[in-house]
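[1] Here's my sequence, what's the structure:
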Amino acid sequence: MLLEEYIFAGFGGQGIMTIGQIIAYAGMLQDFYTAWIPSYGPESRGGTANCNVVISDEIIGSPHTHHPNGVIVMNAPSFDKFEPMMASGGVLVVNTNLSPKRSERDDLSVVYIPTADIAMEIGHPVLASVTALGAFAAARGVFDDAHVEKGIDWALPARHKDMLEMNIKAYQEGKKAAEAQLKTATK
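    Below you'll find the model as predicted:
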């Protein structure tokens, strides 16, 4: 049975909800049941925001998760809140540009990635969350790139379709950074 429970978290305006939608779309394209639920409200710009994504090969009873097996944290407050609740064996992606924290847990696979630096190299700071998503996809190993890239296309509003190729590049660069780090960690 496949049951993937994710929390993506950061500051409002970082694209957290969008990457949640992208991964939910990718799950649907891979014929899984998916659920996505945002949590933001007054913090939609500048405060903390997060979303839950659940992907399963069986019908999903609830989109909420209390012990996720996958987490992306884009800032230090999100690290503090969500790293302790992760399930053993989970994947944690940490944006090192806004969270200098290191996990002390030896039961997690942790990828530390400077998402903002990579996004700026590609050409736009808004790409940081998609870079983190690429790192997450590489570390978690559940999603087919073609499905994630189609999810990126679906999630981009019409007014931002000119940034599709940059988003796909950000996703691929995030994957490369994570794969290099994971390869080094297994040596």
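[2] average pLDDT across stretch 97-109?
    On average, the pLDDT along stretch 97-109 is 95.
[3] which residue packs closest to the spatially most central residue of the chain, ignoring adjacent ones?
    Nearest to the geometric centre of the chain sits L133, at 3.9 Å (Cα atoms, centre = their mean). Closest residue to L133 apart from its sequence neighbours, by Cβ to Cβ, 6 or more residues apart in numbering: I19 at 4.5 Å. In short, each C-beta sits where N, CA and C put it, glycine included.
[4] Which residues are in contact with that neighbour?
    8, 72, 129-130, 132-133 (Cβ atoms under 8 Å, 6 or more residues apart in numbering).
[5] same question, I168
    Applying Cβ under 8 Å, 6+ apart to I168 gives the contacts 149, 152.
[6] try the one 3 residues further on
    If you count contacts by Cβ under 8 Å, 6+ apart, Y171 has them with 130-131, 133-134, 137, 145, 148-149, 152.
[7] Dump the helix or strand where W154 lies to CSV, restricted to CA.
    Element membership for W154, per DSSP states H and E: helix 145-155. Below are the C-alpha coordinates for helix 145-155, written out as CSV (Å, rounded to 0.1, in the frame of the first residue of the first chain):
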residue,chain,number,x,y,z
ASP,A,145,9.4,13.8,-13.7
ALA,A,146,7.0,14.0,-16.6
HIS,A,147,4.1,14.0,-14.2
VAL,A,148,5.6,16.7,-12.0
GLU,A,149,6.5,18.8,-15.0
LYS,A,150,2.9,18.5,-16.2
GLY,A,151,1.7,19.5,-12.7
ILE,A,152,3.9,22.6,-12.9
ASP,A,153,2.2,23.5,-16.2
TRP,A,154,-1.2,23.0,-14.7
ALA,A,155,-0.4,25.0,-11.5
